[in-house]
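Engineer: I need the structure of the sequence given here:
(one chain, ligands or ions: 1)
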Amino acid sequence: MTENDGEDAERILDSVESNDSTLSSVTRRSMIQGAAAFGGSTLLASSSVSATDDSDEPEGSDETLVETPPMGWNSWNTFYCDINAELIKEAADAMVENGLREVGYESICVDDCWMAPERDADGSLQADPETFPNGIEPVADYVHSKGLKFGIYESAGTTTCEGLPGSLGHEKQDAQTFADWGVDYLKYDNCGNHRGLSAIERYARMHEALEATDRDIVLSICEWGDNDPWFWAADVGGDLWRTTGDIKPLWSKQEDLWGNGIIDIIDQNEPLAEYAGPGQWNDPDMLVVGVDLPEYPNLTQAEDRTHFGMWAMMAAPLIAGNDIRNMSEHTQAVLTNEEVIAINQDPAGNQATRIQHITGQDGQPRSVWAKELANGDQAVGLLNRSDMRTTITTSAQAVGLDDEERYNVRDLWNGGDWQTAGLISASVPSHGLALFRVSSGSSDDSKPLATVSSTPSEVVVAPGEAITTRIEFTNVSPISLDEVQVRCTVPDDWSSKPDSMTFDDIAAGPSIVGGGGNQYNAGADWMARTPKNAEAKDYELTIATEYADGTTIETPLIVTVDESADSTPSSD
Ligand code: GLA
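Structural biologist: Okay, here's the model as predicted:
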């Protein structure tokens, strides 16, 4: 909030009062509340921005169209303006054939560039005659025939961002056109001339126009967070609202590339958790999981999981932006992970909050996120923002669970149930996100939770030289472990010492209700020597620990053999 916020609220109120006299009194009231909220966060508690108080909801929206965050596909992030009717129909086919519809994706949305540069003689929008030769309606019909919803794009200005006709001043006619075509979802952008009208007014107008049709159409407000829409968008009938500028397949902003990386967006969306809830969602932009753009770095597999997992945690709309007709197995597995989707679609509708910020020895932050779920479980994310693999630890208490003797930790990326006495810990790759569903109590089937680490987790050596690392095993489970075997695998022509080792009598991990906590970890040094003729490249070694019952936990150790490495020979 800035000192000028009060003035901004005044200005918005003035523009509400002096402009469009066709707005209903309900919308006016909502806008005034929104504007007041805009002026000071202390007013929010009593404004209608609350998710649970539906008495102030705009007229006609008693039943929300977006009880949980919308899920679908949109053409923009991969195809930009290179779209046509066939592509949209093929995307609908792919959504069914590739299992996306089955896990909850339900809309196909055509973004900018679907329309002709001019309105028709009656002033109606018309489809581009070359790319959508039969118009939009048959495309919408086709999408509906697949059991899916159809979404379209327009702008609350005189033009779209690609310079095509905008809806400002044509709201009623355009909303009716969309309803006639069978549109279910409108992404409403902010490009073109605004003719001096505030965002609140321009978006309220389109909401009114959509309400005047007899079709339920989701209003997705896309003004990039410029006017703090979290304060007013729900009040003017927005079902979701963008909170940031455009996403690109980047980890973080780069000087030479346009757009935001996923970590920039996470940081911008993080403080807005209180404004999300059933029927009203912060929208940190569409997904770039599996998006492959030649001019961008694109995301690594770990970053894909972090992006999707954090969007799930933040109760963000899950709108795939990749070419869903041709997905890698990895992309498909990420987009269709049902346990992660269940976190996103949880009926409580909470947006995760960042409960811990930890700065590692490398000076880079790690963070811990928690999202309370409807059944009392907590979804917990351990996010490693650094360039190195690291172990991140929090506790059941810190994430908001009641004190218990044991908890069940469900690993949402790797599967499996683990039990802990209280600490929640994982070795997380660079830019990775460990994602868990944590509940009170645990079943007999759940395995003792522990972490294995190697310090350092990445080493650079010259050929023929040796590496020494410290291996640590930490038991956080409520069960003591008699014997844990440790094995480090190396390529055939490397030597290692020792070949294997055993950690004995490791106590149970510390418990919130008392007990455990002494000698629950064990460590030893381990050494490996590369051959003199080792090829210069990255080697991924595996450090595997095995309990007496056969449960194994592994962690990788990355060794880069580099002829120019300045490595000190070890004295073995
Ligand atoms: C804006 C939006 C994008 C996309 C383009 C289309 O940049 O933020 O998501 O819709 O316009 O031109």
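Engineer: the helices in the stretch 51-200 of the chain, which residues?
Structural biologist: Along the stretch 51-200 of the chain, the segments classed as helices by DSSP state H, counting those that start in this stretch run 76-79, 85-97, 137-145, 171-181, 199-211.
Engineer: can you list the weak-confidence ranges in this protein?
Structural biologist: 1-62, 515-517, 567-572 (pLDDT under 70).
Engineer: Which positions in it make contact with the ligand?
Structural biologist: Residues of the chain found near the ligand (C-beta under 6 Å from any ligand atom) are 76, 111-112, 153, 160-162, 189, 222, 224, 246. All C-beta spots, glycine's among them, are computed from the backbone N, C-alpha and C.
Engineer: try it again with 8 Å
Structural biologist: Contact residues, the chain versus the ligand (C-beta under 8 Å from any ligand atom): 74, 76-77, 80-81, 111-113, 153, 155, 160-162, 187, 189-191, 222, 224, 242, 245-246, 285-286.
Engineer: quick one on the thing from earlier: now tabulate the helices of the stretch 51-200 of the chain in a markdown table and tack on distance to Tyr407 and mean neighbour count.
Structural biologist: Below are the helices of the stretch 51-200 of the chain laid out as a markdown table (distance: least, C-beta to C-beta, whole Å; neighbours: other C-beta atoms under 10 Å):
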| stretch | distance to Tyr407 | mean neighbour count |
| --- | --- | --- |
| helix 76-79 | 38 | 22 |
| helix 85-97 | 37 | 19 |
| helix 137-145 | 44 | 18 |
| helix 171-181 | 48 | 20 |
| helix 199-211 | 44 | 25 |
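Engineer: Including distance to Gln378, could those go into a markdown table?
Structural biologist: Shown next, in a markdown table, are the helices of the stretch 51-200 of the chain (distance: least, C-beta to C-beta, whole Å):
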| stretch | distance to Gln378 |
| --- | --- |
| helix 76-79 | 31 |
| helix 85-97 | 31 |
| helix 137-145 | 37 |
| helix 171-181 | 40 |
| helix 199-211 | 35 |
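Engineer: part of a strand, is Val401?
Structural biologist: To be clear, residue 401 is Leu; Val isn't right here. No - read with DSSP: H, G, I helix; E, B strand; the rest coil, Leu401 is coil and lies in no strand.
Engineer: Surely it touches Gly441?
Structural biologist: No - with contact defined as C-beta atoms under 8 Å, Leu401 does not count as touching Gly441 (10.4 Å).
Engineer: between those two, what contacts are shared?
Structural biologist: Residues touching both Leu401 and Gly441 (C-beta atoms under 8 Å, 6 or more residues apart in numbering) are Tyr407.
Engineer: mind checking how far the residue of the stretch 301-450 of the chain found nearest the ligand is from Gly259?
Structural biologist: Residue nearest to the ligand within the stretch 301-450 of the chain: Gly321 (9.1 Å; C-beta to the nearest ligand atom). With distances taken as C-beta to C-beta, to the nearest Å, Gly321 is found 12 Å from Gly259.
Engineer: How about Gly166?
Structural biologist: 22 Å.
Engineer: next one: Ala116
Structural biologist: On the measure of C-beta to C-beta, Ala116 and Gly259 end up 28 Å apart.
Engineer: Would you enumerate the residues in contact with the residue of the stretch 301-450 of the chain closest to the ligand?
Structural biologist: 73-74, 76-78, 286-289, 291.
Engineer: I'd guessed Gln519 sits against Pro510; true?
Structural biologist: No - between Gln519 and Pro510 there is no contact under C-beta under 8 Å: 11.1 Å.
Engineer: rewinding a little: between Gly166 and Gly259, which has more neighbouring residues?
Structural biologist: Gly166 (25 against 18; other C-beta atoms under 10 Å).
Engineer: Quickly list what Trp73 is bridged to.
Structural biologist: Note on Trp73: beta-bridge partners Ile108, Ala320, judged by DSSP bridges.
Engineer: can you tell me how far the closest residue to Ser386 other than its chain neighbours sits from His357?
Structural biologist: Nearest non-adjacent residue to Ser386, counting by C-beta to C-beta, 6 or more residues apart in numbering: Gln364, 3.4 Å away. From Gln364 over to His357 the distance is 11 Å, taken as C-beta to C-beta.
Engineer: and Val460, how far is that from the ligand?
Structural biologist: 41 Å (C-beta to the nearest ligand atom, to the nearest Å).
Engineer: Do a quick rundown of the strands in the stretch 1-150 of the chain.
Structural biologist: Counting by DSSP state E, counting those that start in this stretch, the stretch 1-150 of the chain has strands at residues 71-74, 107-109, 149-155.
Engineer: The stretch 251-400 of the chain now?
Structural biologist: Under DSSP E, counting those that start in this stretch, the stretch 251-400 of the chain gives strands at 281-283, 318-320, 353-359, 365-372, 378-384, 390-395.
Engineer: Make TSV from the ones you listed and add mean neighbour count to it.
Structural biologist: Listed next are the strands of the stretch 251-400 of the chain as TSV, based on neighbours: other C-beta atoms under 10 Å:
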stretch	mean neighbour count
strand 281-283	28
strand 318-320	27
strand 353-359	15
strand 365-372	21
strand 378-384	26
strand 390-395	22
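Engineer: Tell me which of the ones you listed sits nearest to Asn134.
Structural biologist: Of all the strands of the stretch 251-400 of the chain, strand 318-320 sits nearest to Asn134, with 25.6 Å by C-beta to C-beta.
Engineer: Need the residues that contact that closest one.
Structural biologist: 69-74, 100, 104-105, 107, 109, 286-287, 289-290, 308, 311-312, 335, 341, 344.
Engineer: same thing but at 6 Å, please
Structural biologist: 71-74, 286-287, 335, 344 (C-beta atoms under 6 Å, 6 or more residues apart in numbering).
Engineer: same check, this time on stretch 340-349
Structural biologist: Outside stretch 340-349, the residues that reach it (C-beta under 6 Å, 6+ apart) are 68-69, 103-104, 277-278, 309, 312, 315, 318, 373-374, 379, 412.
Engineer: Put the alpha carbons of it into CSV.
Structural biologist: Output in CSV follows, covering the C-alpha atoms of stretch 340-349 (Å, rounded to 0.1, in the frame of the first residue of the first chain):
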residue,chain,number,x,y,z
VAL,A,340,-1.1,-32.7,-6.9
ILE,A,341,-4.3,-31.7,-8.7
ALA,A,342,-6.3,-32.7,-5.6
ILE,A,343,-4.2,-30.1,-3.6
ASN,A,344,-5.2,-27.5,-6.1
GLN,A,345,-8.8,-28.4,-6.3
ASP,A,346,-9.2,-28.9,-2.5
PRO,A,347,-12.7,-27.6,-1.5
ALA,A,348,-11.4,-25.3,1.3
GLY,A,349,-9.8,-23.2,-1.5
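Engineer: Show me which positions of that stretch end up buried.
Structural biologist: For stretch 340-349, the neighbour count (16 or more other C-beta atoms under 10 Å) marks 340-346, 349 as buried.
Engineer: ok, now stretch 157-165?
Structural biologist: For stretch 157-165, burial by neighbour count (16+ other C-beta under 10 Å) applies to 157-162, 164-165.
Engineer: mind putting these in TSV, distance to Ala204 included?
Structural biologist: Shown next, in TSV, are those (distance: C-beta to C-beta, whole Å):
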residue	distance to Ala204
Gly157	15
Thr158	18
Thr159	20
Thr160	20
Cys161	21
Glu162	25
Leu164	23
Pro165	21
